[in-house]
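Asks: What follows is a predicted structure for the sequence shown.
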Amino acid sequence: MPVMSLISTKSMHTQDKLAQWQQSAWMETGHARSRWIQATSFDGFLEFGSLGEIKLYKLTVTPHRVMSSTEVGTQNVRGLVKAILQVRGTTHYEQMGRQVLLKPGSWMLRDMDMPYSIDIQEHSELIALIFPKTSIASTRFDIRDFCLRLFSGTSGLGHIVHDLIQDTFQEFGEIEESLLPDLASTITQLIRLHLLQVCPDQTPQALCEVLRERVRRYISVHLRAPDLSLDQIARAMHCTKRYLHKVFEEEDMSISKYILDQRLDRCRDALCGTSGRDECITDIALSWGFSNSAHFSRAFHKRFGVSPSAYRVSCFSNLEPMRRLPSIAGQFGSNN
C-alpha cells in the first residue's frame, strides 16, 4: 500500500526554519522558485503522496504570506493547475487581478503558471491536488476563467469533487497502489465535468462532451475486463455504435485505440510499481484486459519503443530517461 511522506518544521532549527521549509516543502506543494515569504513566526506540517503523475498533499501551517514574482508566468511554465480545498481556517488568494477568500466547505482552482499571492490569515489546514491542465481541458472553456473562482463543496458535482479529494487523502494508505492512476483520472474527469456543468452555454456540443466524459469514465471502471468493447459501451450508454462514432469524430483517436493505450499505460505503471518488480509480465498484461501476451508485447514496444521487460529493468536501475515514457493522460479529448 502507498504511504505519505512527511515534512515538519518541528525537526528544523528555529533560526533557519523558513529557509529550510522553502527548500524542502515548497517544491512538493508546487510553489514557483521565484517568491518571498513573510511571517512573524512559522510552523508547518506537510503530508504528501502521488497518484501516478498527480500530486496530493495536506498542509497545516501558521499564518504567513507568500508572493511570487512576475517572472513566474514567463520562466516557469509547467502546464499545471492546482485544486485546493480549505479544511480549517481561511486563506486569501490573489491572481490575474482576482481575489478570493477560501473557507471550509468550498474549493477552487489556481493556475500554477501565473503570478500569485497567498495570505494564510490564521492557523489553517488545506488539501490540494496538482495535475496537468490538459487533463481537464476543453474547447468549451478557458481554464483560466475558472481559476480563483469559488466552487461549493456542499452540493452538486462540486460536493462530489470536494469530498472525493478529501476522502482520497484520508484513505490514501488503504488504496491499492495500482489503482491510484485510475483514481486520479476519476478526480480530474469529475473536475472537468463540473466545469462543463457551470459553463453558461449548454449547447449540443456540451451535451456531447458530457457523453464523452461518461464513456471515458465507463472505460476507466471496466478497463480490466477483456471483453470491453464498443458494443458493450454503446449498450451501457443506451445509444448506437454509430452515434458513439459520431460523438467522438472530433477526437484524435478512436475509442478502441483509447482503450488499448489506457491499458498499456496501466501496465507501464504496474511494471514500475513496488509489486510489479517480481510479478510475471504476462500476469500484469492479463490483469489489465489483454488476452494475449504476444499482442501485449508488440503493442507495448510499438507505443513506447522498448519491450516490457527492458522497461521494467530500467525502472529499477539508473536509466532515468526510460522512466519518463509518454502517457496519453489528457490526450483523448484534450483538444475538446
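Replies: Thanks, I have the structure now.
Asks: can you list the weak-confidence ranges in the stretch 51-200 of the chain?
Replies: 69-77, 200 (pLDDT under 70).
Asks: and if we set it to 90?
Replies: 52-53, 64-79, 95-98, 112-117, 121, 137-145, 177-178, 181, 196-200 (pLDDT under 90).
Asks: now do the stretch 201-336 of the chain
Replies: 201-218, 220-221, 235-254, 266, 269-279, 312-336.
Asks: ranges for the helices of it?
Replies: 204-222, 230-237, 241-247, 255-272, 281-287, 293-304, 308-315 (DSSP state H, counting those that start in this stretch).
Asks: before we move on, what about the stretch 1-150 of the chain?
Replies: 17-24, 26-29, 72-75, 143-146.
Asks: before we move on, the earlier item: return the most buried member of the helices of the stretch 201-336 of the chain.
Replies: helix 255-272 (a mean of 20; mean count of other Cβ atoms under 10 Å). All C-beta spots, glycine's among them, are computed from the backbone N, C-alpha and C.
Asks: That one to helix 230-237, inter-axis angle?
Replies: For helix 255-272 against helix 230-237, the angle by axes from the mean of the first three to the mean of the last three Cα atoms, to 10 degrees is 100 degrees.
Asks: For helix 255-272, name the packing helices and strands.
Replies: Helices and strands touching helix 255-272, by 3 or more Cβ pairs under 8 Å, 6 or more residues apart in numbering; DSSP states H and E, are helix 180-198, helix 204-222, helix 230-237, helix 281-287, helix 293-304, helix 308-315.
Asks: how much does the last one deviate in direction from helix 255-272?
Replies: What separates the directions of helix 308-315 and helix 255-272 is an angle of 50 degrees, with the same axes, to 10 degrees.
Asks: now the helices of the stretch 201-336 of the chain in TSV, with distance to T60?
Replies: Putting the helices of the stretch 201-336 of the chain into TSV (distance: least, Cβ to Cβ, whole Å) gives the following:
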stretch	distance to T60
helix 204-222	32
helix 230-237	42
helix 241-247	44
helix 255-272	30
helix 281-287	38
helix 293-304	40
helix 308-315	33
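Asks: So which of these is nearest L164?
Replies: helix 204-222 (12.7 Å; Cβ to Cβ).
Asks: who touches that closest one?
Replies: 138, 140, 182, 185-186, 189, 192-193, 196, 199, 228, 232-233, 236-237, 239, 244, 247-248, 251, 255, 258-259, 262, 332-333, 336 (Cβ atoms under 8 Å, 6 or more residues apart in numbering).
Asks: Repeat that for stretch 289-306.
Replies: So stretch 289-306 is contacted by 223-226, 228, 259-261, 263-264, 267-268, 281-282, 285-286, 307-308, 311, 314, 322, 325-326 (Cβ under 8 Å, 6+ apart).
Asks: switch to 6 Å and redo it
Replies: Here stretch 289-306 makes contact (Cβ atoms under 6 Å, 6 or more residues apart in numbering) with L223, R224, P226, R263, L264, T282, A285, S307, P308, L325.
Asks: Can you say which two of the residues you listed are spatially most distant?
Replies: Farthest pair in the contacts of stretch 289-306, by Cβ to Cβ: P226 and L325, 23.9 Å.
Asks: So which of those two has more stuff around it?
Replies: L325 (17 against 11; other Cβ atoms under 10 Å).
Asks: Can you give me the neighbour number for the nearest residue to I187 once chain neighbours are set aside?
Replies: Nearest residue to I187, sequence neighbours excluded (Cβ to Cβ, 6 or more residues apart in numbering): L164, at 5.7 Å. Neighbourhood size, L164 [other Cβ under 10 Å]: 16.
Asks: before we move on, what SS does L164 have?
Replies: At L164 the chain is in helix, as set by DSSP: H, G, I helix; E, B strand; the rest coil.
Asks: I'd like to know how far it sits from I130.
Replies: 16 Å (Cβ to Cβ, to the nearest Å).
Asks: related to what we said a few turns ago, just the closest of the contacts of stretch 289-306 to D16, please.
Replies: For the contacts of stretch 289-306, the nearest to D16 is L325 (39.1 Å; Cβ to Cβ).
Asks: what does stretch 102-111 rub up against?
Replies: Contacts of stretch 102-111 (Cβ under 6 Å, 6+ apart): 81-86, 90-91, 144, 146-147, 150-151, 153-154, 162.
Asks: wait, what's in contact with the nearest residue to S41 once chain neighbours are set aside?
Replies: Of all residues not flanking S41 in the chain, T62 sits nearest, at 6.7 Å (Cβ to Cβ, 6+ apart). Going by Cβ under 6 Å, 6+ apart, T62 touches F42, D43, H123.
Asks: In CSV, list these along with distance to C272.
Replies: Listed next are these as CSV, based on distance: Cβ to Cβ, whole Å:
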residue, distance to C272
F42, 37
D43, 36
H123, 39
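Asks: What's the ChimeraX line that selects buried ones from the residues you listed?
Replies: Burial among those is assessed by 16 or more other Cβ atoms under 10 Å; the matching ChimeraX selection reads:
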select :42,43
